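no sequence for this one, just the structure:
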């Protein structure tokens with residue numbers, strides 16, 4: 001394991017302006033090679049340097065595939081008798097991963113990265129404590145549901161997106177306790193995730209009893225795509241929504257009859273062209 005402690009320079013002049021802060025950043029990143037395992041020790045780092053360290057870590061993890069093993073801090077003020085505790089602050093660096101995944105979700109609606117982080121939050125299997133492992137299983141199920149919704153939306157599969165969104169609501173409810181215990185950063189997003197996909201949720205969208213409800217969800221889906229600037233997806237769903245609407249107007253209830261959909265699509269094209 002390769003270890004590089006942080007600079008302990010204490011000169012005020014070393015951090016007087018932005019240029020000098022970048023010099024510290026450059027000196028730090030210049031010491032680390034592609035793919036190295038790194039431990040940062042910020043025990044004696046002066047004032048703003050720990051902040052620069054955290055920023056450098058975010059950069060190096062992405063740009064050079066650096067594997068962070070620990071960020072250690074010897075808390076002298078917490079000393080007990082002759083022992084000084086050393087804290088590992090690296091779990092808070094994982095907030096950067098949650099930040100990136102949250103940003104992706106908010107901008108695009110794609111929750112794949114969030115699902116991956118939920119899986120990583122699951123407690124590892126321990127034959128000595130199987131109960132803890134079992135308590136984390138709902139996280140994996142919620143992650144699977146998130147992946148299903150995201151995949152259906154990327155592939156423009158409205159029916160599958162409706163069913164997956166419905167399933168996600170259930171899985172999120174079951175996983176609420178596990179999320180609070182093992183995936184604390186997700187608790188801030190859980191409500192937003194639920195609110196994002198709830199307008200799309202519908203069980204058995206192909207059921208004859210859900211014909212109108214299915215069209216309502218598809219209209220919500222069109223708006224969902226437009227809000228995220230996914231124009232091609234919105235147009236694709238809108239075109240099929242018009243075909244379904246036309247079939248209902250002439251009395252068809254089975255919107256998934258291929259021959260009838262083809263007939264309605266062709267007649268619709270004639271009307272548009274005429």
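Yep, it's here. Computed from a predicted structure; not experimentally measured.

for the stretch 51-200 of the chain, which segments count as helices?
90-108, 112-121, 130-135, 137-154, 158-174, 176-182, 184-197 (DSSP state H, counting those that start in this stretch).

so which of those comes closest to residue 246?
Ranking the helices of the stretch 51-200 of the chain by proximity to residue 246 (C-beta to C-beta) places helix 158-174 first, at 16.5 Å. C-beta here means a position set from N, CA and C on the backbone, and glycine is covered the same way.

any idea of the angle that closest one forms with helix 137-154?
Relative orientation of helix 158-174 and helix 137-154, computed by axes from the mean of the first three to the mean of the last three C-alpha atoms, to 10 degrees: 160 degrees.

compute the inter-axis angle for helix 158-174 and helix 184-197.
Using the same axes, to 10 degrees: helix 158-174 against helix 184-197 is 140 degrees.

mean confidence for stretch 150-161?
The average pLDDT for stretch 150-161 rounds to 94.

what residues sit buried inside it?
Across stretch 150-161, burial judged by 16 or more other C-beta atoms under 10 Å covers 150, 152-153, 156, 158-161.

which of the helices of the stretch 51-200 of the chain sits closest to residue 248?
In terms of C-beta to C-beta, the element of the helices of the stretch 51-200 of the chain nearest to residue 248 is helix 158-174, at 15.6 Å.

re earlier: dump the helices of the stretch 51-200 of the chain to CSV, plus distance to residue 41.
Putting those into CSV (distance: least, C-beta to C-beta, whole Å) gives the following:
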stretch, distance to residue 41
helix 90-108, 12
helix 112-121, 25
helix 130-135, 31
helix 137-154, 32
helix 158-174, 39
helix 176-182, 28
helix 184-197, 25
